[in-house]
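**Student:** make a model of this:
(one chain, ligands or ions: 2)
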Amino acid sequence: MMETKYAILTEKHIDRKIIKEAGKILQKGGLVAFPTETVYGLGGDALQRESSRKIYAAKGRPSDNPLIVHICRWKAVKKIAGKIPQEAEKLAENFWPGPLTMILEKSEAVPLETTGGLQTVAVRMPENKIALALIAAAGGYVAAPSANLSGKPSPTLAEHVREDLDGKIDMILDGGAVGIGLESTIVDLTENSPVILRPGYITKEMLETVLGMEVAVDAALVDSNAKQAPKAPGMKYRHYAPRGELTIVTGEAAHVTDAICRLSRKKRLEGEKVGVICTDETKMFYEADCVVSAGEKTDTEEIARHLYAILRQFDSVGITCIYSEAFSGRGIGQAVMNRLLKAAGHHVVEV
Ligand code: TXA
Ligand code: MG
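**Tutor:** Ligands and ions are numbered 1, 2, ... in the order given. Have a look, this model is predicted:
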């Protein structure tokens, strides 16, 4: 165990002294958790093998699961990527800084420890100003997976990071609640045409509009029974897993509420502690040990922002059985359903 330093910052008035201290820790091979607009990241110097090893150890993450390299200016791509396709430039112009990660061929500068043994590298320029200042202070290349223990939902508050990693890392920068709440969209640019490996805030349609071409979605994301393994190694693990057994209920709204009420009652009689994830519109219909609305039914961005904190809340009060309504798949709703399905181990009941 080590002592984890804790510092509170705001994007508006960034404390340069704290950033300098955090940057030094990274340069010396230490680990610093920091806010991004998607989720909190656990940063280490991407160009030092030892830092990447430490990241895997702190998270308890399998070391074949590659890390995303975070940069703070476009030029930095040139050092870590072997070949930079035109599509990458177009996407960067439109979406960076922002919640988009691109997979490119890697250069010699990036150790295989950072890329989980792959010859490709994931690159993202986050939008959060604390993140950008930290990356600059660290020398420009910060490897950062989500700052959770492997298998837990990604952290959307510094408090979540503390729950998981206190005593295991050098420092936590607390920049308050994140804006988006789900991890970045990952697009692979190393094949003949672009492929989405992980859905996020930047949708397929947004990418297609900018690129003027069709963007495919990794087969393993579309079909849970696909034989082929997902190309983003991380997508094969049962991530985002709450302790309670999660079931998603889909169908016509009224039927869904009825079914969840019935199932909850039954489980509670059997001695289970039941949690329900619903919307503002349906919250009043439920009776369970913990009923939480993720937001207004049509506000998928609000739902995205709240999802992981709700799963953590259920864990902390010992919920053993969870029912969730299915949410709209529009916009970021697609990413919401992708994460929810993974959290549920694809356990869906249709009514
Ligand atoms: O929003 C985000 O992307 C956050 C914040 C901190 O930036 N980071 C994040 O990192 O979600 P992580 O490590 O939790 O997820 C990275 C995902 C994993 O599924 C990993 O397998 C995939 O990206 N990945 C990384 N490098 C890859 C590569 N070279 N080829 C394919 N997939 C890759
Ligand atoms: Mg993660």
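**Student:** which ones are touching the closest residue to ligand 1 within the chain?
**Tutor:** Nearest to ligand 1, among the residues of the chain, is G234, at 2.1 Å (C-beta to the nearest ligand atom). Any C-beta I mention is one placed from the backbone N, CA and C, and that applies to glycine too. If a contact means C-beta atoms under 8 Å, 6 or more residues apart in numbering, then G234 has N65, P66, R198 as its contacts.
**Student:** sec struct for the first one, please.
**Tutor:** Using DSSP: H, G, I helix; E, B strand; the rest coil, the structure places N65 in coil.
**Student:** and the gap between it and G234?
**Tutor:** 5 Å (C-beta to C-beta, to the nearest Å).
**Student:** what does the pLDDT read for the residue of the chain closest to ligand 1?
**Tutor:** G234 carries a pLDDT score of 74 in this model.
**Student:** try L182
**Tutor:** 97.
**Student:** which residues of the stretch 251-351 of the chain fall in helices?
**Tutor:** Assigned by DSSP state H, counting those that start in this stretch, the helices in the stretch 251-351 of the chain fall at 253-269, 300-316, 333-343.
**Student:** revised request: answer the last question for the stretch 51-200 of the chain.
**Tutor:** Using DSSP H, counting those that start in this stretch, helices in the stretch 51-200 of the chain cover 77-80, 86-95, 129-138, 158-165.
**Student:** just name the most buried of the ones you listed.
**Tutor:** helix 129-138 (a mean of 24; mean count of other C-beta atoms under 10 Å).
**Student:** not counting its neighbours along the chain, what's nearest I25?
**Tutor:** Excluding its sequence neighbours, the residue lying closest to I25 (C-beta to C-beta, 6 or more residues apart in numbering) is D170, at 4.8 Å.
**Student:** any chance of CSV for the helices of the stretch 251-351 of the chain, columns mean pLDDT, mean neighbour count and distance to G23?
**Tutor:** Below are the helices of the stretch 251-351 of the chain laid out as CSV (pLDDT from 0 to 100; neighbours: other C-beta atoms under 10 Å; distance: least, C-beta to C-beta, whole Å):
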stretch, mean pLDDT, mean neighbour count, distance to G23
helix 253-269, 98, 16, 48
helix 300-316, 97, 21, 28
helix 333-343, 94, 21, 31
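**Student:** so which of these gets nearest E205?
**Tutor:** helix 333-343 (10.0 Å; C-beta to C-beta).
**Student:** what is the end-to-end distance of stretch 295-302?
**Tutor:** 6 Å (C-alpha to C-alpha, to the nearest Å).
**Student:** how far away from the center of its chain is it?
**Tutor:** 18 Å (C-alpha atoms, centre = their mean, to the nearest Å).
**Student:** what's the answer for stretch 125-133, then?
**Tutor:** Taking mean C-alpha positions (C-alpha atoms, centre = their mean), stretch 125-133 and its chain are 16 Å apart.
**Student:** repeat that for stretch 187-197.
**Tutor:** 19 Å.
**Student:** report the buried residues of that stretch.
**Tutor:** For stretch 187-197, a neighbour-count test (16 or more other C-beta atoms under 10 Å) marks V187, D188, L189, T190, P194, V195, I196, L197 as buried.
**Student:** repeat for stretch 174-181
**Tutor:** D174, G175, V178, G179, I180, G181.
**Student:** how far away is E205 from E302?
**Tutor:** On the measure of C-beta to C-beta, E205 and E302 end up 20 Å apart.
**Student:** cool, and E89?
**Tutor:** From E89 to E302 the distance is 33 Å (C-beta to C-beta).
**Student:** ok so, going back, can I get the helices of the stretch 251-351 of the chain in JSON lines with distance to K78?
**Tutor:** Shown next, in JSON lines, are those (distance: least, C-beta to C-beta, whole Å):
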{"stretch": "helix 253-269", "distance to K78": "51"}
{"stretch": "helix 300-316", "distance to K78": "33"}
{"stretch": "helix 333-343", "distance to K78": "30"}
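**Student:** adding distance to ligand 1, write those helices out as JSON lines.
**Tutor:** Shown next, in JSON lines, are these (distance: least, C-beta to the nearest ligand atom, whole Å):
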{"stretch": "helix 253-269", "distance to ligand 1": "30"}
{"stretch": "helix 300-316", "distance to ligand 1": "11"}
{"stretch": "helix 333-343", "distance to ligand 1": "11"}
